[in-house]
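Trainee: Just a sequence and a predicted model for now, questions to come.
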Amino acid sequence: MKKYYLVARNTWDEVLTYRASFVMWRVRSVIQVLTIYFLWQVVVPPGKALLGYTQPLIATYILGTLLLESIVLSSRSYIVGSEINNGNLMNFLLRPINYFAYWFSRDLGDKAMNICFSIAELTIIFLILRPSLFIQTDIFYLSFFIVSIILSIFLYFFINFLLGLIGFWSPEIWAPRFIFITLLGFFAGSLFPLDILPDTIYNIVKFLPFSYLMFFPIKIYLGQLSFMEIISGLMISAFWVFAIYGLVKIVWMKGLRSYTAYGK
Amino acid sequence: MMTGMVSQNAFVSRFGAVLFLIGKLIRFSFFMFFLLVITSRTQAIQGYTLWQVILFYLTFNLIDSVAQFFLREVYRFRNYIVSGDFDYLLTKPVPVLFRLLFGGSDVLDIPVILLSAGFIFVALSNIGSLAVGNLAIYLLLLINGFMIAVSFHILVLAIGVLTTEVDNTLWLFRDLTQMGRFPIDIYQNPLRSIITFIIPVGVMVTFPAKAAMGLLSFNAILISLFVGAIFLYVSIRFWKFSLKSYSSASS
Amino acid sequence: MIISVSHLSKNFQVHQKDPGLVGSVKSLFARKYETVKAVDDISFNIEEGELIGFIGPNGAGKTTTLKCLSGLLYPTSGKISVMDFNPYNRKPEFLRQISLVMGQKNQLWWDLPATDTFLLNKEIYGVEDKKYNEIVGELTKLLDVKDILKIPVKKLSLGQRMKMELMASLIHNPKVLFLDEPTIGLDVLMQKKLREFIREYNIRFKATVILTSHYMQDVEQLCKRVIIINFGKIIFDGLLNSLVEKYSPHKRIKVMLAEYADPKQVYKLGKISKFEYPELILDVPNKKANSTAAAILKNFQVEDITIEDPQIEDVIAKVYAENKR
């Protein structure tokens, strides 16, 4: 177990060696979230509500995406594709270490750093803008909130890994990821709460994995879902986690077979 | 053998480029859809109607993609600096700045540009401001906005020469301009003043659209052109300064 | 016997395509494959503690063989046993006893000091603290790298990085060490240092070392036994000495004459390669080298005389030439 702890810690140290870049990256995340935040401040003025979202709720929602982005979406495992492409994967096949666990640990190291920063940023935003926020105190919602986040971390990890495995067959690993990120930008819910979409579209989106990365956990936190909705959401989310995990396993085995037949 | 490899690589990267284009088109249409959804839920954003909100976004998108089309070489600038190719460029007779700004462009950006331009026409006719005067001012301010984008890129290059850091500043610039996807009226002061004049995203993308709607005073138009000129001047001065300190550092 | 390979073959399916965009599109639908025999029915055994050199031109099958031995590639046919394991299963107990170092691949964390990679490998391989300190201490001394352990890898020179790479691969004290072109791209001095280290390591830790290289110097100075591969086949397996005996039974005597010599007298000495006064060059059988040299000294006024062993490069070139497909 200690080896995976060291992997996470090394990743943390690695981020520290690129301090300037990392701070810039965080500044960018904050700018992006603030842009959306100000938009919604105008769309939902104080005292009014849009489809159940009052200003404190929508402010909590948008600022919450900043925290969730650092918990769920920050990762290192996007490197897997280039590592397969350049043949460095070899180094891992010949060491007694689990490649999946290795990357998961690296992601955790990266997440830890991002979480620390995003909490600091949110504190500063709170002190400057003084938005009224919604604080969830119900232990019921909070515990489901945490469960849903854990599922989304795994969900994102496996999707990310799957995109990297394209590297076994093609050098074109960034373009598919770009499309994925574009889809994520809309259907994860960082731009707007997905339930403002027309019902038919929202009902389709509910069955796609994207919304379980950010929208669903925040919705639980805001206490806007019924018990049944939470349970069914968690089931869909868990389904995707296992389905994509299974797919990753199969693709990995196939990729490895062609890798060890050809070598790089 | 070698030619086979090269053409296959070209094919692979073309294929990737097409995927990138598809991604951009998806983003474009989703964003339009998003604007449609929120304006239909609220009737108006900050007093702007749907087509006006769309015009703001399209204007941003047009300037952004035209800038990307012409200024693609800036994205490769870090490699030039790190690999030392920059020194090689300095020895060439073509003005370096010109070469760096307009050195490479990608045909695949053209569909996005045409799409924006087409939609702008639709939006303008829906708003009902297809008057020649409005259009002329719109075009003038678009060019002004593009020059501001060019100035931004020159600043990025100059910072790159001084610090070898390009990508982060470039992306920071892009995120800042992204704020111009919406009319800058939505931002609270002092942020609004900052992104109007100091980092002139407002002048760059919001003002042209406003002018087309006839919402911009004559003074504001003059100020826009003034801000654009100052910005270009400052960026070129800064570029020259960076070159001077670069050549004195490397000798 | 620590490694035994019998009738190992490894084929690759290489995807053929017509040049140009049309060819690319066509190849999407109907792919043509050509089978390339990278390794073609080779057999050999290696005893514990041996230091063996694999040599051959680029694309001869050296690296493929090494990858099969370490378990990275699945053999098309044949049997491999390394410490009684089938390498391809990559069992943890097997992986804990081997190491593969490739000159052009790195496992070090680029932005961190090498020590961080060492510590991680210590955990990955489950090395105890005491053993870890012992081995790191010893390797540090052998490689003379005390000053650079704490410097981020990206700031090291290529040679220093290679040393760190080797150290990282030896933390778990592998019984079998595969080195693929370990000296590639290094300057002459660094090559020499690394060679000394490899030999020292082989002796001190009784590790079996299998090394590929296309620098003959590496092989000449390190390995008693060499295996030469070309076109996927073993064309020589034996002691380096006997290779020289077999392919180059001559030594070269270079003479600088002090005064003019009668050609008739000179031609009595044996086979003359070159005679342009004052230089005289003869190739004589190994066994007669000394007596011929003595005869020259006795019969001619000589300013300088040298007896050269054949250049290993020349020998190998000769081997390749004689074993063309």
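Mentor: Noted; the coordinates are in hand. Numbering: from 1, shown residues only, chains lettered A, B, ... in the order given.
Trainee: SS state for the residue lying closest to C:Phe54 once chain neighbours are set aside?
Mentor: On the basis of Cβ to Cβ, 6 or more residues apart in numbering or on different chains, the spatially nearest residue to C:Phe54 that is not a chain neighbour turns out to be C:Thr212, at 4.2 Å. The C-beta positions use only the backbone N, C-alpha and C, and glycine is treated the same way. C:Thr212 carries the three-state label strand when classified by DSSP: H, G, I helix; E, B strand; the rest coil.
Trainee: how close does C:Thr212 get to C:Ser99?
Mentor: For C:Thr212, the distance to C:Ser99 under the criterion Cβ to Cβ, to the nearest Å works out to 14 Å.
Trainee: now swap in C:Thr292 and tell me
Mentor: Noted for C:Thr292: a distance of 48 Å to C:Ser99, by Cβ to Cβ.
Trainee: And the nearest residue to A:Gly52 once chain neighbours are set aside, what's its pLDDT?
Mentor: Of all residues beyond its chain neighbours, the one nearest A:Gly52 is A:Gln224 (6.7 Å), with distances taken as Cβ to Cβ, 6+ apart. Reported pLDDT at A:Gln224 in the predicted model: 93.
Trainee: Around A:Gln224, count how many other residues there are.
Mentor: Applying the criterion other Cβ atoms under 10 Å in any protein chain shown, we find 17 residues in the vicinity of A:Gln224.
Trainee: Quick check, it in contact with A:Leu51.
Mentor: No. When contacts are counted by Cβ atoms under 8 Å, A:Gln224 is not listed as touching A:Leu51 (10.5 Å).
Trainee: what helix or strand is the residue lying closest to B:Trp171 once chain neighbours are set aside on?
Mentor: Here the nearest residue to B:Trp171 in space, its sequence neighbours aside, is A:Arg28; by Cβ to Cβ, 6+ apart that works out to 6.0 Å. When secondary structure is defined by DSSP states H and E, A:Arg28 falls within helix A:19-43.
Trainee: Please say which of C:Thr292 and C:Ser99 ends up with more neighbours.
Mentor: C:Ser99 (26 against 17).
Trainee: C-terminal to the helix or strand hosting A:Ala175, what's the next element?
Mentor: Using DSSP H and E, A:Ala175 maps to helix A:174-187. Per DSSP H and E, helix A:174-187 leads on to helix A:199-205 as the next helix or strand towards the C-terminus.
Trainee: Tell me if that next one is near chain B.
Mentor: No. Contact between helix A:199-205 and chain B is absent, the nearest approach being 8.9 Å (criterion: Cβ under 8 Å from any Cβ of the partner chain).
Trainee: Which strands or helices does that helix pack on?
Mentor: In terms of contacts (3 or more Cβ pairs under 8 Å, 6 or more residues apart in numbering or on different chains; DSSP states H and E), helix A:199-205 is not packed against any helix or strand.
Trainee: After that helix, heading C-terminal, what element do we hit next?
Mentor: Assignment by DSSP H and E places the next element after helix A:199-205 at helix A:215-221.
Trainee: sorry, back to before: who's in contact with the helix holding A:Arg28?
Mentor: By Cβ atoms under 8 Å, 6 or more residues apart in numbering or on different chains, the residues outside helix A:19-43 that reach it are A:15-16, A:50, A:55, A:58-59, A:62-63, A:65-66, A:69-70, A:113-114, A:117-118, A:121, A:125, A:190-192, B:38, B:42, B:45-46, B:165, B:168-169, B:171-172, B:175-176, B:178-179, B:181-182, B:186-188, B:191.
Trainee: longest helix in chain C, by residue count?
Mentor: Longest helix in chain C by number of residues, with DSSP state H as the criterion: helix C:188-204.
Trainee: What is the distance between that helix and the centre of its chain?
Mentor: Relative to the centre of its chain, helix C:188-204 is centred 13 Å away, using Cα atoms, centre = their mean, to the nearest Å.
Trainee: helices or strands up against it?
Mentor: strand C:51-55, helix C:129-143, helix C:158-170, strand C:208-213, helix C:216-222.
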